[in-house]
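*Asks:* okay, predicted coordinates and the sequence, questions at the end:
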Amino acid sequence: MRLNKLSGAPGSKPVSKRLGRGIGSGVGKTCGRGHKGQKSRSGGYHKTGFEGGQMPLQRRIPKFGFTSKKSLYVCEVRLNELNDLGPDIINLDVLKRQGVITNNIRKVRIIASGKIKKAITVSASLHCTRGSRRIIESSGGKVVEL
């Protein structure tokens, strides 16, 4: 094998278009750039997204996503997360102390996800779904109403 015999695989280097080689070539005279204007000149360009002075799309659309303020104060807790808690009576303060929810949470909804292994009493300050209420009561616990 010699260095002057090496070549790329067929099709790996496409043949470049030869511009400005007469009328018959199809890309003579204006070389495929059309007539006049900024894009026909050498060095003539505009930045990506430029819309001729109109406010560009990336500046017209909103800059921020939407975060519901409600989601900052409302949280869901699964039934299997209540298994590891020490006390049998569970309310908002117990969940905060045990680190299940953060301190800024004001409303908690208990959802029926997982199994519960012990009888617990859920305070009225927590909202239980129908399924979670059924599972809590079937395990010997209860949901206290106001």
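*Replies:* Arrived safely, thanks for sending. Numbering: from 1, shown residues only.
*Asks:* how close does the nearest residue to Glu81 once chain neighbours are set aside get to Lys70?
*Replies:* Using C-beta to C-beta, 6 or more residues apart in numbering and skipping the chain neighbours, the partner closest in space to Glu81 is Val100 (5.7 Å). Backbone N, C-alpha and C define where each C-beta goes, glycine included. Distance, Val100 to Lys70, using C-beta to C-beta, to the nearest Å: 19 Å.
*Asks:* could you chop this structure up by domain?
*Replies:* According to automatic domain parsing, the chain comprises the domains 19-64, 69-143.
*Asks:* with mean pLDDT and distance to Gly8 added, can I get those domains in TSV?
*Replies:* Converted to TSV, those look like this (pLDDT from 0 to 100; distance: least, C-beta to C-beta, whole Å):
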stretch	mean pLDDT	distance to Gly8
domain 19-64	90	23
domain 69-143	87	56
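*Asks:* turn the ones you listed into JSON lines, columns for distance to Ser12 and mean neighbour count.
*Replies:* Formatted as JSON lines, the domains of the chain follow (distance: least, C-beta to C-beta, whole Å; neighbours: other C-beta atoms under 10 Å):
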{"stretch": "domain 19-64", "distance to Ser12": "23", "mean neighbour count": "10"}
{"stretch": "domain 69-143", "distance to Ser12": "52", "mean neighbour count": "15"}
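*Asks:* no further questions, thank you.
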